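> Quick one, fold the following:
(2 chains)
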Amino acid sequence: MKGKISLSTEFLGKKTKSPLVLPAGIMGMTWSGMRYVIENGCGIITSKSLTLESRSGHPGPVVAEFAGGLLNCMGLCNPGIIDGLAEINDFKKLMPEIPVIASVFATTAEDFAELSRYVNDSKSDFLELNLSCPNVMDEFGLPLAGSKEQVTDIVKLVKKVSKIPVIAKLSPNVTNLSEIAVTAEAAGADALCMINTLGPGMLVDIDLVKPVLSNRTGGVSGVCVKPIALRAVYESYSRVTIPIIGTGGIASGSDAVEMLMSGASLVGVGSAVYAGGIEVFNIINQGIAEYLKKHNYTNIGQIPRLEKLHEQA
Amino acid sequence: MSRRNTIAIARIVEETPTIRTFYFDYDLQAKPGQFIMLTDLANGEKPFSISECESDQFGVTIKKLGKFTSNLFEKQAGDLLSFRGAYGSSFSLKGNNILLTGGGYATPPLYYLCKELLRKGAQVTVVNGARTRDDLVFCERFENLGLEYKKITDAGCFGRAGTSVDIARELLSNNDYDMVYVSGPELMMKAMRELLQSYPGLNYEFLFERYMKCAIGICGNCTMDPLGIRLCVEGPVLAGHQVEKLTEFGEYHRNAAGKKEYFK
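All right, here's what the predicted structure looks like:
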């Protein structure tokens, strides 16, 4: 009676076997790391955020655990755009059917455009603009995603250059996230990804009397950010028509369904790789499938979405 | 399990002028082959294999190599250090007639392994090699265990000049081992793999080293080509069937930025 349950979906014209996305910064450093994540059930890969020059990132400790999740200040470590795209190309040689999002980070629209030119010449399927890293503020100042003007300038310029769809990765650390979402859409973004890590936050070693992270502060992720991620996605979904990759605190099948229901088209899974192990992708996929079965659905497109917020004035 | 702990260094043993063992009075409950991330929260954080582990203390044996370890060598007993772990995979403890082969400052984790193997009644032979006398450590500890123990240096400090692989080659051809555990510099382990390839049925496990940052399996810096396994979670101990598949083994590793650096 019932059809076969499938988790496959389409995102900006590319097919994926699962709605789960590896977000930027988690595992996406090497072609084999990308492979390992896909073999464990993830659908789409995002690379580390690549910069024009290589970056070693902050010294350790760069991560700290706490009851609600993780604090990190990796500091945008990456081998630079050329070597980073080589890792993506090596991965695509092995798994050409898996969509890859090349994430890039810069501080000016011109540098983002320059990075975009490099990405054009790679096998990447999508370009993600990381406008929202919260743990390099000493070096670069406030995340760009806090400013409508900067978001507009960057997205507009990159859209002129990029030959592949452009995703804007937004920060939750603003008071007007859905405004920024609308701004990014108006500037031509093809999709949004939210949320980057929260904060920044801080943890203290009470014996050494020092902040635990070398950078003092870092982005907060993990289960504690889920309610904020859901709210951010839902409010943005209510106001834009472009698809949203919803990420933040997703650790189970029901979490992922909540995210889809709140308006996400795809679901990012990052910190859960620490808490739940590499098998967490398969566990979440299975949880989504069980939800579909429970409600006699056969695909994730049938998962109902919350009614959109009515626009205020 | 991986909570951070900040405690005083209980004691420091100078093994050679450039190698020291730092002891902490703490019940870490680590398994042989596992590692901790160690920091003073001022000069970075690095992974170190556990060389000794009892219910009341554990130790890590550290070679003075760069800025981080130089800072560490300034510390004295009583100074506070912070660690998290133990992390990673461990030696399986399989085998009854076992060959341990170590190289340089990578040998100490085999000492903890060795004690556990003896505790379960296995017969153990240990080969400990290093470039010079200054890199050869734990000799007395191994000798006190009353087992077959062979030491050698490239420079011939104890008569014969050669490597631990040279001795392992002879031992393997004259004995019937059922398990081999190895911890040494990458190129020494590469030579060991070549040697072990002439013993197809013989199981072995290697302890690897890669640049680690998060140690909890998320940053992706220590993944090994082509499998993509994370050395901090699926490693640092890898079994022979995994080692055989590694294409980067003995060829290259990735630095802090994730750029490939080739072994010379």
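> give me the residue from the stretch 201-313 of chain A nearest chain B.
Taking C-beta to the nearest C-beta as the measure, the point where the stretch 201-313 of chain A comes nearest chain B is A:Asp207, at 3.8 Å. Just so you know, the C-beta spots here come from the backbone N, C-alpha and C atoms, and that holds for glycine as well.
> show me what contacts residue 78?
Just so you know, I chose chain A. Taking C-beta atoms under 8 Å, 6 or more residues apart in numbering or on different chains as the definition of contact, the neighbours of A:Asn78 are A:Met29, A:Lys48, A:Ser49, A:Leu50, A:Thr51, A:Ser54, A:Arg55, A:Gly84, B:Ala257, B:Gly258.
> my bad, chain B
B:Gly78 makes contacts with B:Ala8, B:Ile9, as judged by C-beta under 8 Å, 6+ apart.
> and if you look at A:Val158?
Residues counted as contacts of A:Val158 (C-beta under 8 Å, 6+ apart) are A:Ala109, A:Phe112, A:Ala113, A:Ser116, A:Leu127, A:Leu129, A:Val166.
> Let me know the secondary structure of the fourth one.
When classified by DSSP: H, G, I helix; E, B strand; the rest coil, A:Ser116 comes out as helix.
> So it is in contact with A:Ser162, correct?
Yes - under the contact definition of C-beta atoms under 8 Å, A:Ser116 touches A:Ser162, with a separation of 4.6 Å.
> Specify which residue of the two has the higher count of neighbours.
A:Ser116 (25 against 22; other C-beta atoms under 10 Å in any protein chain shown).
> For chain B, what's the nearest residue on the stretch 51-200 of chain A?
Of all residues in the stretch 51-200 of chain A, the one sitting closest to chain B is A:Gly60 (2.9 Å; C-beta to the nearest C-beta).
> can you pull up the bridge partners for the residue nearest to that residue when sequence neighbours are not counted?
Computed as C-beta to C-beta, 6 or more residues apart in numbering or on different chains, the closest residue to A:Gly60 that is not its neighbour in sequence is B:Glu45, at 2.9 Å. Applying DSSP bridges to B:Glu45 yields these beta-bridge partners: B:Thr39.
> Please apply the same query to A:Val21.
Beta-bridge pairing for A:Val21 (DSSP bridges): A:Ile44, A:Gly268.
> Give me the distance between it and chain B.
As defined by C-beta to the nearest C-beta, to the nearest Å, A:Val21 lies at a distance of 15 Å from chain B.
> so what's that residue scoring on pLDDT?
Predicted confidence (pLDDT) at A:Val21: the value is 98.
> what residues does the stretch 51-200 of chain B put near chain A?
By C-beta under 8 Å from any C-beta of the partner chain, the part of the stretch 51-200 of chain B that sits against chain A consists of B:Leu80, B:Ser82, B:Arg84.
> Report the buried members of these.
For these, a neighbour count by 16 or more other C-beta atoms under 10 Å in any protein chain shown gives the buried set as B:Ser82, B:Arg84.
> Of the residues of the stretch 51-200 of chain B next to chain A, which belong to strands?
B:Leu80, B:Ser82, B:Arg84 (DSSP state E).
> what's near enough to touch the residue of the stretch 151-264 of chain B found nearest chain A?
Nearest residue of the stretch 151-264 of chain B to chain A (C-beta to the nearest C-beta) works out as B:Gly228 at 2.9 Å. With contacts defined as C-beta under 8 Å, 6+ apart, the neighbours of B:Gly228 are A:Thr30, A:Trp31, A:Ser32, A:Gly33, A:Met34, A:Arg35, A:Tyr36, A:Val37, A:Glu39.
> again, only this time at 7 Å
Contacts of B:Gly228 were listed using C-beta atoms under 7 Å, 6 or more residues apart in numbering or on different chains, and they are A:Ser32, A:Gly33, A:Arg35, A:Tyr36.
> Same check on A:Gly25?
A:Gly25 makes contacts with A:Lys48, A:Ser49, A:Met74, as judged by C-beta under 7 Å, 6+ apart.
> mind checking pLDDT for it?
Model confidence at A:Gly25, given as pLDDT, is 95.
> Just say helix, strand or coil for it.
A:Gly25 is classified as coil under three-state DSSP.
> shaky segments in chain B?
Flagging of chain B using pLDDT under 70 yields the residue ranges B:1-2.
> returning to what we had before: hey, what's the closest residue to the residue of the stretch 201-313 of chain A closest to chain B other than its chain neighbours bridged with?
The shortest distance from A:Asp207 to any residue that is not its chain neighbour, by C-beta to C-beta, 6+ apart, is 3.8 Å, and that residue is B:Thr6. When assigned by DSSP bridges, B:Thr6 has beta-bridge partners B:Ser82.
> Any residues of chain A in contact with chain B? List them.
Taking C-beta under 7 Å from any C-beta of the partner chain as the criterion, the neighbours of chain B within chain A are A:26-30, A:32-33, A:35-36, A:54-57, A:59-63, A:65, A:74, A:77-79, A:83, A:205, A:207-208, A:210, A:212, A:214, A:273-274, A:278.
> now, which of the residues you listed lie within helices?
When DSSP state H defines the helices, the subset of the residues of chain A next to chain B inside them is A:Ser32, A:Gly33, A:Arg35, A:Tyr36, A:Asp83, A:Val273, A:Tyr274.
> What residues does A:Thr46 make contact with?
A:Val21, A:Leu22, A:Pro23, A:Ala24, A:Gly28, A:Ile101, A:Ser103, A:Glu128.
> go with 8 Å
The contact partners of A:Thr46, by C-beta under 8 Å, 6+ apart, come to A:Val21, A:Leu22, A:Pro23, A:Ala24, A:Gly28, A:Val100, A:Ile101, A:Ala102, A:Ser103, A:Glu128, A:Cys193, A:Gly268.
> So among those, which ones count as buried?
The neighbour count (16+ other C-beta under 10 Å) marks A:Val21, A:Leu22, A:Pro23, A:Ala24, A:Gly28, A:Val100, A:Ile101, A:Ala102, A:Ser103, A:Glu128, A:Cys193, A:Gly268 as buried among those.
> Read off the pLDDT value for the residue nearest to the fourth one when sequence neighbours are not counted.
If the residues on either side of it in the chain are set aside, A:Ala24 comes closest to A:Ser103, at 3.8 Å by C-beta to C-beta, 6+ apart. According to the prediction, A:Ser103 has pLDDT 98.
> can you pull the contacts of the residue nearest to A:Gly60?
Taking C-beta under 8 Å, 6+ apart, one finds A:Pro59, A:Gly60, A:Pro61, A:Val62, A:Ser214, B:Met37, B:Leu38, B:Thr39 in contact with B:Glu45.
> Now these in a markdown table, please, with extra columns for distance to B:Gly220 and neighbour count.
Supplementary listing: the contacts of B:Glu45 in a markdown table, determined by distance: C-beta to C-beta, whole Å; neighbours: other C-beta atoms under 10 Å in any protein chain shown:
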| residue | distance to B:Gly220 | neighbour count |
| --- | --- | --- |
| A:Pro59 | 18 | 21 |
| A:Gly60 | 15 | 24 |
| A:Pro61 | 17 | 28 |
| A:Val62 | 13 | 24 |
| A:Ser214 | 19 | 21 |
| B:Met37 | 16 | 25 |
| B:Leu38 | 22 | 22 |
| B:Thr39 | 21 | 26 |
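> Now do the buried residues in stretch B:36-51.
B:36-41, B:43-51.
> Closest to chain A out of the residues you listed?
Closest to chain A out of these is B:Glu45 (2.9 Å), distances taken as C-beta to the nearest C-beta.
> what's the distance between the closest one and B:Lys260?
23 Å (C-beta to C-beta, to the nearest Å).
> what's near enough to touch A:Pro227?
With contact taken as C-beta under 8 Å, 6+ apart, A:Pro227 is in contact with A:Gly249.
> can you tell me which helix or strand it belongs to?
Per DSSP states H and E, A:Pro227 falls inside helix A:226-237.
> One more: B:Met212?
Per DSSP H and E, there is no helix or strand for B:Met212.
> now it: how far from B:Leu246?
17 Å.
> next one: B:Gly33
Counting by C-beta to C-beta, the gap from B:Gly33 to B:Leu246 is 17 Å.
> quick one, which of these two is more surrounded?
Looking at B:Gly33 and B:Leu246 with other C-beta under 10 Å, you find the greater number of neighbours at B:Gly33, namely 29 against 19.
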